[in-house]
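Participant: no sequence on this one, just coordinates:
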C-alpha cells in the first residue's frame, strides 16, 4: 500500500522558512490524487494547508495562501511544503497525505504520513 513519510527540520527560527518534504512509496505522485499537507497545532484541530495534484496544479488554504508553497520532484517521488516568515503559531505536527478527488474537489484522505513535529522558536 502507499506509504508517505515526512522529513525536515524539527526546529525553525521565527521569520525563517519552514520547509518539509514528503516522500511517497508504492505510489506515484503523478497519479490522480491531491497530495496534501495538513497540520495540527497543540490543542487544536486539523488544519488543511494545501495540495499539489497529479498534474502539478496547486491549491492553498486562504489563511496560508500568501506564505505557503507546495512543489514536487517527480524524479524523487517527493513533494515539498514551504511556509515563509514562520511564527511560533506555525508550530505544529505536520502531516502529508493522499487526498481523494470527487468532482474536482478534495473530499477525503486515504493515506497519511506519521507526522513530524515542527517547533518555531529562537
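Facilitator: Great, that's in hand. Given the structure is predicted, the values throughout are model-derived calculations rather than measurements.
Participant: Strands of the protein, residue ranges please.
Facilitator: In the chain, the strands defined using DSSP state E lie at 3-7, 11-12, 18-25, 34-40, 46-53, 58-60, 68-73, 78-83, 92-102, 105-112, 116-120.
Participant: a markdown table for these, including mean neighbour count?
Facilitator: For the C-beta atoms, the positions are set from N, CA and C on the backbone; glycine is no exception. Below are the strands of the chain laid out as a markdown table (neighbours: other Cβ atoms under 10 Å):
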| stretch | mean neighbour count |
| --- | --- |
| strand 3-7 | 17 |
| strand 11-12 | 17 |
| strand 18-25 | 20 |
| strand 34-40 | 23 |
| strand 46-53 | 20 |
| strand 58-60 | 16 |
| strand 68-73 | 17 |
| strand 78-83 | 21 |
| strand 92-102 | 20 |
| strand 105-112 | 14 |
| strand 116-120 | 17 |
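Participant: Packing partners of the one helix or strand in the chain whose mean pLDDT sits lowest?
Facilitator: Within the chain, judged by mean pLDDT, DSSP states H and E, the helix or strand with the poorest mean is strand 105-112; its value is a mean of 92. Helices and strands touching strand 105-112, by 3 or more Cβ pairs under 8 Å, 6 or more residues apart in numbering; DSSP states H and E, are strand 3-7, strand 34-40, strand 92-102.
Participant: would TSV of these with distance to residue 66 and mean pLDDT be doable?
Facilitator: Below are the helices and strands packed on strand 105-112 laid out as TSV (distance: least, Cβ to Cβ, whole Å; pLDDT from 0 to 100):
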stretch	distance to residue 66	mean pLDDT
strand 3-7	23	98
strand 34-40	16	97
strand 92-102	18	95
